[in-house]
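A.B. asks: sequence first, predicted model second:
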Number of protein chains: 2
Amino acid sequence: MSNLILHEYAQSGNCYKIRLTAAHLGIPIERREYDIMAGETRSPAFLSGVNANGRIPVLQVGDDYLPESSAACFYLADGSALIPADRFDRADMLRWMFWEQYNHEPNVATLRFWYGWVGEENLTEAQRLLLPVKREAGEAALTLMDEHLARTPFFAGGRFSLADIALYAYTHVADGGGFDLHHYPAVQAWLDRVATLPGHIAITD
Amino acid sequence: MSNLILHEYAQSGNCYKIRLTAAHLGIPIERREYDIMAGETRSPAFLSGVNANGRIPVLQVGDDYLPESSAACFYLADGSALIPADRFDRADMLRWMFWEQYNHEPNVATLRFWYGWVGEENLTEAQRLLLPVKREAGEAALTLMDEHLARTPFFAGGRFSLADIALYAYTHVADGGGFDLHHYPAVQAWLDRVATLPGHIAITD
C-alpha cells in the first residue's frame, strides 16, 4: 500500500482519525495541508482534482481519491485487527462509526468549530438558534457513550477497533465545544485507555 | 442467518434500505412497526430494550440489536456481491454510504419529513431559518450525484452495491422534500436503472 497522500487540515478530528489509524497500523502517509479557513478546499483545482464535495480529509491512493474519514480508515485497516473478524461485531463497529457521523460529529465537532474557529460573534442567526439544540444533542451523545462504556471497555466486539478511533477523535477535544467531560466518567476512563495503547499518537503529532 | 427482526417505521427511507438489501439477497425478515409520530421509539421499553438512541431502524439478530441503517445493510450483505470484492471499491462504497448520512439524508430526507410529517406550520424558528440552508445543501448533494452518475452507471466499482441502495432510498422520494429531480438527468436514469434490477422492491411493498 504505497503512494498514500492525506489531503487534510491537521486540527480536524476527521483528519486525525486517518492519521491515528495509520499510526496503529504502522503505515506511512504523506501529508498535504490545506487552510480551510482561507477556502483552499473550495478552489476549482481542489473541487475538480481532489474532492467535488469541497471537504477534507481525502485519502489519495495512487491516482484515486477517497473522501470521508471513516471510509479512508476502513481502507487502511481492511484485513487488520482494527476491524473485528466476527460478522456481527464488524457491522456493530460500522454502526458506531455511522452513529458518530450522524449524532456526534454534527454536534460535538460543530460546536468546537463554531466556538474555536468561526467565533460566536460571527454565527448566523440560524446557527445561534441551534446552539442549545446542538448542546443538548451533543450531551445526549456523550451520555449514550458513557452508558455503553460502563458495560464494555471498547465500542464494538469488546476490543479496540476503528469505532474507538472514530469516536476518540472529537470526544477527546470536546471541551473545545464547551462540553465538560467530567460528567462522563466511563468516557474519561475509555479516553485514557485509548491514549495509552501502543501506537497511539496525539492530534498535534 | 435466521431470527431477523426489523424494528421500523415503513415509510422511513432508512428502514427501506434494509428491506431493499434483504430483498436483493433473498433474505426473509420479520417486520415490527413503530409509530414514530406517537413517540413509540422513545418509550422506556424501546430505549432500554431496542435502541438507547431512540431511533429506527434497528435490525435484531437473535438477541442482539444493530441500529444504523447502513450498518444493518452491511451485516446482511457481508460476503455477497452487494459489497465489492476489491479493497478500494469496498472503501469507496462505504464512502458514498457515509456521505449519504452526512450530506444527503440530513437535507433531502429531513425536508421530506418536515414538509410531509411535521408540517411547515409546526416548524420551530431555527428549523424555519434552516429551510433555505437545507434546500441549498440538498440541491448540492443531488448535483454531486448527477455529475458522478454522468460518468459511471453505479456509485462504486462500476456495479450495483449497497452504496446505490443507500442513496436510492431517499433520492427516489426527494420530491416529497420539494426537490425537482428533472434537474438531474443522470440521477433520473440511475433511479430507473436501480428500479428495474431483478429483486427490486418498492418502498411501499
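C.D. replies: Structure received.

A.B. asks: for chain A, what lies in contact range of chain B?
C.D. replies: Taking Cβ under 8 Å from any Cβ of the partner chain as the measure of proximity, chain A contacts chain B at A:52-53, A:61, A:64, A:66-72, A:74-75, A:78-79, A:87-88, A:90-92, A:94-95, A:97-99, A:101-103, A:105-106, A:124-126, A:129-130, A:133, A:144, A:147-148. From N, CA and C alone the C-beta is placed, and that goes for glycine too.

A.B. asks: and the host helix or strand of residue A:128, which residues are buried?
C.D. replies: Element membership of residue A:128 [criterion: DSSP states H and E] is helix A:125-149. Neighbour-count burial for helix A:125-149 flags A:126-127, A:129-131, A:134-135, A:137-142, A:144-146, A:148-149 (criterion: 16 or more other Cβ atoms under 10 Å in any protein chain shown).

A.B. asks: ok, how many other residues are close to residue A:167?
C.D. replies: 29 (other Cβ atoms under 10 Å in any protein chain shown).

A.B. asks: where does pLDDT dip in chain A?
C.D. replies: Along chain A, segments meeting pLDDT under 70 span A:1-2.

A.B. asks: quick one: the helices in it?
C.D. replies: Ranges of helices within chain A are A:13-25, A:44-49, A:69-77, A:87-99, A:110-113, A:125-149, A:162-171, A:185-195, based on DSSP state H.

A.B. asks: which one of these lies closest to residue B:193?
C.D. replies: helix A:69-77 (23.3 Å; Cβ to Cβ).

A.B. asks: tell me the angle the closest one makes with helix A:162-171.
C.D. replies: Interaxial angle of helix A:69-77 relative to helix A:162-171 (axes from the mean of the first three to the mean of the last three Cα atoms, to 10 degrees): 140 degrees.

A.B. asks: for helix A:69-77, packing partners?
C.D. replies: Packing partners of helix A:69-77 (3 or more Cβ pairs under 8 Å, 6 or more residues apart in numbering or on different chains; DSSP states H and E): helix A:13-25, strand A:58-61, helix A:87-99, helix A:162-171, helix B:87-99.

A.B. asks: list of residues touching the fourth one?
C.D. replies: Read that as helix A:162-171. With contacts defined as Cβ atoms under 8 Å, 6 or more residues apart in numbering or on different chains, helix A:162-171 is touched by A:13-14, A:16-17, A:20-21, A:24, A:69-70, A:73-74, A:77, A:82-83, A:92-97, A:100-101, A:104-105, A:108-109, A:112, A:142, A:145, A:154-156, A:181, A:187, A:190-191, A:194, A:203.

A.B. asks: do the same with the shortest one
C.D. replies: By Cβ under 8 Å, 6+ apart, the list of residues contacting strand A:58-61 from outside reads A:1, A:3-7, A:18, A:29, A:50-51, A:65-67, A:72, A:75-76, B:88.

A.B. asks: partners of that strand in the sheet?
C.D. replies: strand A:4-8 (antiparallel), strand A:64-67 (antiparallel) (DSSP bridges).

A.B. asks: what are the buried residues along the longest one?
C.D. replies: Right, the one you point to is strand A:4-8. A:4-8.

A.B. asks: quick one: residues contacting the residue of chain A most remote from its centre.
C.D. replies: The centre of chain A is farthest from one residue, residue A:125, which by Cα atoms, centre = their mean lies 27.1 Å away. Listed by Cβ under 8 Å, 6+ apart, the contact set of residue A:125 reads residue B:129.

A.B. asks: likewise residue A:52?
C.D. replies: Contacts of residue A:52 were listed using Cβ under 8 Å, 6+ apart, and they are B:144, B:147-148.
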